[in-house]
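Visitor: One predicted model, sequence on top.
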Amino acid sequence: AAAEKGGWPSFMAKEIAEEPDAVANTLRGRIQDGAAVIPELSDLDELLTGIDRITIIACGTASYAGQVGAYAIEKWARIPVEVELSHEFRYRDPVITPSTLVVSISQSGETMDTLMAVKYAKDAGAKTLSICNTQGATIPRESDGAVYTHAGPEVAVASTKAFVAQITALYLFGLHLARLRGTLTSAQQAANLDELADIPGKLERVLESSDSVAQLARWMSDTRAVLFLGRHVGFPIALEGALKLKELAYIHAEGFAAGELKHGPIALIEAGQPVFVVVPSPRGSDEMHKKVVSNIQEIRARGARVLAIAEEGDAAVLPFADEVVRIPLAAPLFEPLLAVIPLQVFAMELAAAKGLDVDQPRNLAKSVTVE
Ligand code: G6P
């Protein structure tokens with residue numbers, strides 16, 4: 001097993017190091033002349049042009065990838081997108097028509113909750129598309145179309161490289177749809193693909209800061225609760241950061257939409273409470289950036305220990321943050337691909353500092369094949 005880990009202390013550490021390749025391999029062969037062209041979908045042009053709404057279904061980490069993807073698909077392809085947990089989807093009598101596309105996301109392609117939701121959607125007349133990391137798995141075989149992520153086999157129970165590959169595939173799919181539906185100019189299409197193509201190199205740079213994140217995790221190894229805040233695409237990243245910490249370090253962790261703070265969660269803030277804040281770029285929406293910085297001020301005034309994840313050069317967070325983890329500049333929709341890395345590393349290192357098995361957390365399975 002030591003050899004399989006390629007010198008890394010755990011499969012999870014190895015798989016985090018493989019994230020740049022997971023994105024690069026998922027992009028390969030899917031960008032042609034400045035446009036997203038997913039060859040596997042070439043027979044589905046008519047189907048994809050005819051849909052009028054998309055429901056994304058998934059469980060766990062894959063559902064957070066879906067939440068991130070929804071922002072981009074809706075913005076680029078101008079189709080309403082909703083995201084739902086697979087096990088919730090079936091029991092609410094969802095509105096499904098022949099022009100509904102149900103997109104499932106699953107690393108393993110075997111998650112029973114997601115498989116049953118796909119079957120339900122098919123029976124109700126929806127078109128189905130699978131985003132999957134496992135060639136020939138049950139869910140892609142049951143679906144009308146499949147877009148594979150090429151993250152390579154993921155062994156650690158907690159998903160890392162599959163997550164960034166899923167977001168990459170969803171973004172490619174959003175741009176593929178936008179091309180079919182003519183909702184972006186070719187310059188916009190090309191600019192977004194340039195951003196995607198730059199992600200692997202930027203991920204390498206994010207990984208270089210892992211040592212300082214590891215140190216932070218070691219300092220905080222007796223922490224009992226951690227909160228995570230994010231807004232817009234940073235919100236699902238906050239949820240994912242919290243999930244990782246629960247799964248690996250058995251620490252109570254919760255993610256919130258930053259705007260929701262004043263509607264409840266701020267009551268949790270007391271002296272010394274650690275709070276990770278995913279800070280959106282000021283270059284996206286200056287207004288949104290200011291609101292998150294003011295959230296930071298509010299929690300800091302109540303004694304929170306603020307751990308900010310912010311882009312390089314964002315000086316507005318400096319006076320209020322106890323620690324700042326820097327990520328390279330990227331267009332705002334692409335920041336989740338970078339901001340999630342320090343949160344994955346933090347959870348892994350904190351679990352390791354507590355002497356826990358980061359690859360095999362208690363009570364969890366890599367693929368849950370029961371409902
Ligand atoms: C399990 C794993 C999670 C994973 C989820 C969905 O609960 O522990 O890490 O996110 O299943 O798995 P899938 O294979 O469908 O992506």
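Guide: That came through, no problem.
Visitor: hey, let's count contacts and neighbours off CA atoms from now on
Guide: Fine.
Visitor: Model confidence score at residue 1, please.
Guide: pLDDT, the model's per-residue confidence, is 66 for residue 1.
Visitor: Need the distance between the two termini of stretch 319-328.
Guide: End-to-end distance for stretch 319-328: 20 Å, by Cα to Cα, to the nearest Å.
Visitor: residues in contact with that stretch?
Guide: Residues outside stretch 319-328 that contact it (Cα atoms under 8 Å, 6 or more residues apart in numbering) are 202, 205-206, 209, 213, 296-297, 300, 305-312, 317-318, 338-339, 342.
Visitor: Which elements pack onto the helix or strand harbouring residue 55?
Guide: When elements are assigned from DSSP states H and E, residue 55 belongs to strand 53-58. In this structure, strand 53-58 packs against helix 60-77, strand 81-85, helix 86-89, strand 100-106, helix 112-123, with contacts taken as 3 or more Cα pairs under 8 Å, 6 or more residues apart in numbering; DSSP states H and E.
Visitor: Look at the spatially closest residue to residue 271 that is not a sequence neighbour and say how many residues are nearby.
Guide: Of all residues beyond its chain neighbours, the one nearest residue 271 is residue 303 (4.1 Å), with distances taken as Cα to Cα, 6 or more residues apart in numbering. Using other Cα atoms under 10 Å, residue 303 has 15 other residues around it.
Visitor: Go ahead and confirm residue 303 touches residue 268.
Guide: No: counting by Cα atoms under 8 Å, residue 268 is not a contact partner of residue 303; they are 10.9 Å apart.
Visitor: What score does residue 370 have for pLDDT?
Guide: At residue 370 the predicted local confidence, pLDDT, stands at 87.
Visitor: So it: helix, strand or coil?
Guide: Secondary structure for residue 370, judged by DSSP: H, G, I helix; E, B strand; the rest coil, is coil.
Visitor: Geometric centre of this protein: which residue is closest?
Guide: residue 65 (3.6 Å; Cα atoms, centre = their mean).
Visitor: Please report how far the residue nearest to it when sequence neighbours are not counted lies from residue 61.
Guide: If the residues on either side of it in the chain are set aside, residue 65 comes closest to residue 167, at 5.4 Å by Cα to Cα, 6+ apart. Remark: distance between residue 167 and residue 61 (Cα to Cα) = 11 Å.
Visitor: Counting neighbours, go ahead and name the busier of those two.
Guide: residue 167 (28 against 25).
Visitor: just checking, the more buried one touches residue 66?
Guide: Yes: in terms of Cα under 8 Å, residue 167 counts as a neighbour of residue 66; the distance is 7.3 Å.
Visitor: Contacts for the helix or strand where residue 191 lies next, please.
Guide: Using DSSP H and E, residue 191 maps to helix 186-208. Taking contacts as Cα under 8 Å, 6+ apart, the residues outside helix 186-208 that touch it are 17, 19-21, 23-24, 27, 31, 34-36, 168, 175, 179, 326-328, 330-331, 334, 337-338, 341-342.
Visitor: before we move on, what about stretch 288-299?
Guide: Stretch 288-299 is touched from outside by 230-231, 258-259, 261, 266, 269, 277, 279-282, 306, 316-317, 320-321, with contacts defined as Cα under 8 Å, 6+ apart.
Visitor: circling back to that earlier point, most neighbours per residue, which of the helices and strands packed on strand 53-58?
Guide: Between the helices and strands packed on strand 53-58, the one whose residues have the most neighbours on average, counting mean count of other Cα atoms under 10 Å, is strand 100-106 (a mean of 28).
Visitor: all strands for the stretch 201-350 of the chain, in order.
Guide: Taking DSSP state E, counting those that start in this stretch to define them, one finds strands in the stretch 201-350 of the chain at 225-230, 252-257, 274-278, 305-311, 323-327.
Visitor: Out of those, which gets nearest to residue 245?
Guide: For the strands of the stretch 201-350 of the chain, proximity to residue 245 was assessed by Cα to Cα; strand 252-257 is nearest, at 6.5 Å.
Visitor: Packing partners of that closest one?
Guide: Under the contact criterion of 3+ Cα pairs under 8 Å, 6+ apart, strand 252-257 touches strand 225-230, helix 234-249.
Visitor: The strand holding residue 55 pairs with which strands?
Guide: Strands flanking strand 53-58 in the sheet, each with its direction: strand 81-85 (parallel), strand 100-106 (parallel) (DSSP bridges).
Visitor: Low-confidence stretches in the stretch 51-200 of the chain?
Guide: Across the stretch 51-200 of the chain, no stretch falls below the confidence threshold (pLDDT under 70).
Visitor: For it, what lies in contact range of the ligand?
Guide: Proximity of the stretch 51-200 of the chain to the ligand is assessed by Cα under 6 Å from any ligand atom, with 59, 60, 61, 62, 106, 107, 108, 109, 111, 157, 158, 159 identified as the residues in range.
Visitor: Would you confirm that the fourth one contacts residue 103?
Guide: No: shown here, residue 62 and residue 103 do not form a contact pair, counting by Cα under 8 Å, at 11.5 Å.
Visitor: residues touching the residue nearest to the centre of the chain, list them.
Guide: Residues near residue 65 by Cα under 8 Å, 6+ apart: 163, 164, 166, 167, 236.
Visitor: so which strand or helix has the first one?
Guide: When secondary structure is defined using DSSP H and E, the element that contains residue 163 is helix 161-181.
Visitor: Tell me which other helices or strands that helix touches.
Guide: Other helices and strands packing on helix 161-181, by 3+ Cα pairs under 8 Å, 6+ apart, are helix 19-27, strand 35-36, helix 45-50, helix 60-77, strand 127-132, helix 186-208.
Visitor: Highest mean neighbour count out of these?
Guide: strand 127-132 (a mean of 25).
Visitor: Much appreciated, bye for now.
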